[in-house]
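Asks: predicted model and sequence follow; I will ask about them next.
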2 protein chains.
Amino acid sequence: MRVLKYAILGLLDQRELTGYDMKKHFEDSLGQFWSAKHSQIYPELKRLTEEGFIEFDIHIQGKKLEKKVYQITDAGKRELHEWLRKKGPIPDTTKDEFMLKTFFISSMDQKEAVGLFSHQLQERTKKVEMLEQKLNILTEEDPSAQSLHSTQFGHYLVLTRAIEREKGYVRWLQKTLEVIDSSIV
Amino acid sequence: MRVLKYAILGLLDQRELTGYDMKKHFEDSLGQFWSAKHSQIYPELKRLTEEGFIEFDIHIQGKKLEKKVYQITDAGKRELHEWLRKKGPIPDTTKDEFMLKTFFISSMDQKEAVGLFSHQLQERTKKVEMLEQKLNILTEEDPSAQSLHSTQFGHYLVLTRAIEREKGYVRWLQKTLEVIDSSIV
DNA sequence: GGTCCCATGTAAACCGTTACATGATTAC
DNA sequence: GTAATCATGTAACGGTTTACATGGGACC
């Protein structure tokens, strides 16, 4: 399916970037919904260049450090738009190891289950706080990010979606913990 | 990380199963959070048998059809419990191709965005209905499923989590569609 | 001079999907 | 009899992670 291909084309449709810059994007907000290691990015950049969807210029940083700054080509833009328009089916499975453990809750004793759920609740709560901080920074730096015509609108949507996803998880964890906790052995 | 290994051990800790039975579980409620094709299941069963975590008996169906009915061993139970107790970090990324497209919304025109979001809303709404039907069947067949000591509690939790996950997605899609739709070009 | 970050690559191993392949049983 | 489902396997391919490998720049 080569989703990474489209992730790269999409990023380059916004501005020119090095492979290293892309890696940074995958570690930031975008990383909530897609990411790749540099060991996957660099070969994909090579392939996309060979296919004519992207091109690069070499920039010199300091004295000798060569970096490849990539741009999207017209063919690349056509390829990107074809993917953007395509209405795919929603996936049957969204893998979640914690929910797999939850499915096997009858193999745990009550104390183990409480420990597991409490820990998950803690981690997810921390994540909500981290994401809300990111959203605050974004809306302070660019208050127009919330409107469709801002270049930051995608960034804003991804953050709000991630926050609500995590908050929903937290609410469900709290509700479930109450049921587990109040069931006397 | 071999999560499939633990998925199989967890299923076998509930009752003895064939590889084919496991495949069916991955197509049912459990499949909301974990799944595998039969081409991945059968080699994993072979490996787990060699490692001594599971064993099988051959049952004859009808005249000649041989099926391998697997059971978990004591070593397998220890292995399963070690995994169940372990409090892993939550993943940084949950891959979602639709949200990747959303991040690139500034590369779309308004009409394209509305089409994409409407379609996603439709699909997710259908999924909520499907999941609610499954939950209804479960609670009608076994009203005790909602309590910790039911063997169906894991099943119940997975379904309620999946429903709330999809409902949260639907609410966010509706809210976002309104913003997109009301932004006059 | 040292540490952290910038910057790019390859190789091996692992995980997962699609395709190839076969045959029995059940229900109509 | 025939279609759907039960039942099990392998092979090839593609995507992803971990590890190996190297070197420059910026800041203290």
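Replies: The structure has been received and is ready for your questions.
Asks: roughly how far does residue A:66 sit from DNA strand C?
Replies: 7 Å (CB to the nearest atom of the strand, to the nearest Å). Glycine gets a C-beta too; all of them are placed from N, C-alpha and C.
Asks: who does that residue bridge with?
Replies: Partner residues in beta bridges with residue A:66, using DSSP bridges, are residue A:60.
Asks: Provide a list of residues in contact with it.
Replies: Neighbouring residues of residue A:66 by CB atoms under 8 Å, 6 or more residues apart in numbering or on different chains: A:58, A:59, A:60.
Asks: pick the one among the residues you listed closest to chain B.
Replies: Ranking the contacts of residue A:66 by separation from chain B, with CB to the nearest CB as the measure, puts residue A:59 on top at 24.5 Å.
Asks: can you map out the helices along chain A?
Replies: Counting by DSSP state H, chain A has these helices, from start to end: A:3-14, A:19-27, A:38-50, A:74-85, A:97-103, A:110-141, A:153-181.
Asks: save the ones you listed as a markdown table, and put in mean pLDDT and mean neighbour count too.
Replies: Written out in a markdown table, the entries for the helices of chain A read as follows (pLDDT from 0 to 100; neighbours: other CB atoms under 10 Å in any protein chain shown):
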| stretch | mean pLDDT | mean neighbour count |
| --- | --- | --- |
| helix A:3-14 | 99 | 21 |
| helix A:19-27 | 98 | 17 |
| helix A:38-50 | 98 | 15 |
| helix A:74-85 | 98 | 16 |
| helix A:97-103 | 98 | 22 |
| helix A:110-141 | 98 | 16 |
| helix A:153-181 | 98 | 20 |
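Asks: circling back: among the contacts of residue A:66, which one sits closest to residue B:156?
Replies: Distance from residue B:156 was checked for each of these by CB to CB. The minimum falls on residue A:59, at 57.2 Å.
Asks: does that closest one really touch residue A:21, like I thought?
Replies: No - using CB atoms under 8 Å, residue A:59 makes no contact with residue A:21, being 11.7 Å away.
Asks: before we move on, back to that, in a markdown table: the helices of chain A, plus distance to chain B.
Replies: A markdown table is the format used below for these (distance: least, CB to the nearest CB, whole Å):
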| stretch | distance to chain B |
| --- | --- |
| helix A:3-14 | 4 |
| helix A:19-27 | 8 |
| helix A:38-50 | 13 |
| helix A:74-85 | 6 |
| helix A:97-103 | 4 |
| helix A:110-141 | 4 |
| helix A:153-181 | 4 |
